[in-house]
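Peer 1: here is a sequence together with a model predicted from it:
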Amino acid sequence: QVQLVESGGGLVEAGGSLRLSCAASERSFGNYAMGWFRQAPGREREFVAVCSGSGTSTYYADSVKGRFTISRDNAKSTVYLQMNSLKPEDTAVYYCAADRFYAPFIPSEMDYWGKGTLVTVSS
């Protein structure tokens, strides 16, 4: 059982930045694709970004492309999401997820989930 623990959420003004972290308990962390989803109140959970096990491949939702950057440090079993130029519509609970496969990286396919961290962007 892999445990994922997110941190780094908070309140930020529009245009600001935050960096989310997700620490995994798994020693073979590099065997998993890691990514982020988010869920705003009253909306379905949506894909944000994914990073392959080696970190060499990444993919982003169109809504965050150019503003968010996903990265990972396999030595620390941690994946990051750097969020810049934040908008009020980025407000959501952000969830870290792990899966054996890079694609498809969709909620129904994930092996493990974190409990989420709240990001609130004020206008």
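Peer 2: Now that the structure is in, tell me what you want to look at. Numbers count the residues shown, from 1 in each chain.
Peer 1: after the helix or strand hosting Val93, which helix or strand is next?
Peer 2: Element membership for Val93, per DSSP states H and E: strand 92-99. Once strand 92-99 ends, the next helix or strand along the chain (criterion: DSSP H and E) is strand 112-113.
Peer 1: now do that next one: which elements does it pack against?
Peer 2: strand 92-99 (3 or more C-beta pairs under 8 Å, 6 or more residues apart in numbering; DSSP states H and E). Every residue, glycine included, has its C-beta placed from N, CA and C.
Peer 1: report the mean confidence score over the strand it packs on.
Peer 2: For strand 92-99, the mean pLDDT works out to 97.
Peer 1: how about the strands in this protein?
Peer 2: Along the chain, the segments classed as strands by DSSP state E run 4-7, 10-13, 18-24, 33-39, 46-51, 58-60, 68-73, 78-83, 92-99, 112-113, 117-122.
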